[in-house]
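In: Quick one, what's the 3D model for this:
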Amino acid sequence: MNAIRPGLLYFVLVMGTGFLLGMIRVPFLVPRIGERWAELAEMPIMAVVIFFSAGYVLKRYPSVRFHGQSLIVGLLALALSVGAELGLAVVFQDQTLAEFIATRDKVSGSVYLALLVVFALMPRLRLSGHSLRSLLGVWR
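Out: Next comes the predicted model:
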């Protein structure tokens, strides 16, 4: 139960940023450089957002600074993100789930899947960073 609010916050921070970037990507970048390159150009920005959002959530919610809890936060945010994206694709793009998956670009879609794994694991990965900094701070 301690992971629900942090998971929701992590999801909102990352998905909200992705939504805002999509408002730039779709009308401005896609017509100029194509879907694949526009999506690939957005992904490093999203990786940075994921990194900092995970750190913010860990800082704001000390109760999830445990290995299992931080992993639950990431997995909850991942489930919400995938559910939201698939739901929006089916509702707003008038596609079936199978059509949506089939129309994904192979290159940017593969990078996107890898970024989803990073998204799910980042709270746990950042937790290791917090622990290491804490140890180093004690030794100084």
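In: residue nearest the centroid of the protein?
Out: The geometric centre of the chain, computed from its C-alpha atoms, lies nearest to residue 119 (C-alpha atoms, centre = their mean), at 4.2 Å.
In: residues contacting that one?
Out: When the contact criterion is C-beta atoms under 8 Å, 6 or more residues apart in numbering, the partners of residue 119 are 14, 50, 74, 77, 78, 81. In this view, the C-beta of every residue, glycine as well, is placed from N, C-alpha and C.
In: That one in helix, strand or coil?
Out: Using DSSP: H, G, I helix; E, B strand; the rest coil, the secondary structure recorded for residue 119 is helix.
In: Take stretch 115-128, keep the C-alpha atoms, and write them as PDB.
Out: Extracted as PDB, the C-alpha positions of stretch 115-128 are listed here (Å, rounded to 0.1, in the frame of the first residue of the first chain):
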ATOM      1  CA  LEU A 115      12.900   2.400 -22.300                       C
ATOM      2  CA  LEU A 116       9.800   0.900 -20.700                       C
ATOM      3  CA  VAL A 117      12.000  -1.700 -18.900                       C
ATOM      4  CA  VAL A 118      14.300   1.200 -17.800                       C
ATOM      5  CA  PHE A 119      11.200   3.100 -16.600                       C
ATOM      6  CA  ALA A 120      10.100   0.100 -14.500                       C
ATOM      7  CA  LEU A 121      13.500  -0.500 -13.000                       C
ATOM      8  CA  MET A 122      14.700   3.100 -12.500                       C
ATOM      9  CA  PRO A 123      13.300   3.600  -8.900                       C
ATOM     10  CA  ARG A 124      15.200   0.500  -7.900                       C
ATOM     11  CA  LEU A 125      18.300   1.600  -9.800                       C
ATOM     12  CA  ARG A 126      18.200   5.100  -8.300                       C
ATOM     13  CA  LEU A 127      17.700   3.500  -4.900                       C
ATOM     14  CA  SER A 128      21.200   1.900  -5.200                       C
END
